[in-house]
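Trainee: okay, here's the prediction I keep looking at, along with the sequence it came from:
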Amino acid sequence: MGVGNELKSDDGVGPFVVKKLKEQNIENDNLLFIDAKTVPENFTGKIRKENPTHLIIVDACLMDLNPGDIKIVEKHEFANIGISTHSMSLSFFVRYLEKDTDIRIIFVGIEPETMDWGAKPTSEVEKSSIEFIETLKGIIL
């Protein structure tokens, strides 16, 4: 699941990752790619219906790292980082999905360089995103 605003440069890194994965035609019955934009809560029903074993959420996060740095963010760290421009708290979103399910949620944060208006991620964030996609493909394929 990619989360973020595609009109705000690096804030759109989550949707950027999902778009690139979809372009590579690797979807199958075991994979579902969701571009949640700024409203991941709109997909809770679909996620619960699919009943996945894992959900990987990719989003821009202010973590005081270098632009493009990638980090798996633990639930207890949500309060200490700046998560991008979506309406629902991701900690609440994660708690809701975990309630009464066995889903394993992995939150991947990518440090933005800027979240100013722009049609695509900055070069450093795009480069890191492509590297993340290749790593993810190595795991899921």
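Mentor: Cool, got the structure.

Trainee: wait, isn't residue 47 in contact with residue 97?
Mentor: Yes. At 6.1 Å, residue 47 and residue 97 qualify as touching, with contact defined as C-beta atoms under 8 Å. From N, CA and C alone the C-beta is placed, and that goes for glycine too.

Trainee: what residues are shared contacts of the two?
Mentor: 55, 103 (C-beta atoms under 8 Å, 6 or more residues apart in numbering).

Trainee: so residue 6, which state does it fall into?
Mentor: On the three-state scheme (DSSP: H, G, I helix; E, B strand; the rest coil), residue 6 is labelled coil.

Trainee: which residues touch the closest residue to it other than its chain neighbours?
Mentor: Counting by C-beta to C-beta, 6 or more residues apart in numbering, residue 6 lies nearest to residue 12, which is 3.6 Å off, once chain neighbours are set aside. For residue 12, the contact set (C-beta under 8 Å, 6+ apart) comprises 4-6, 60, 120-121.
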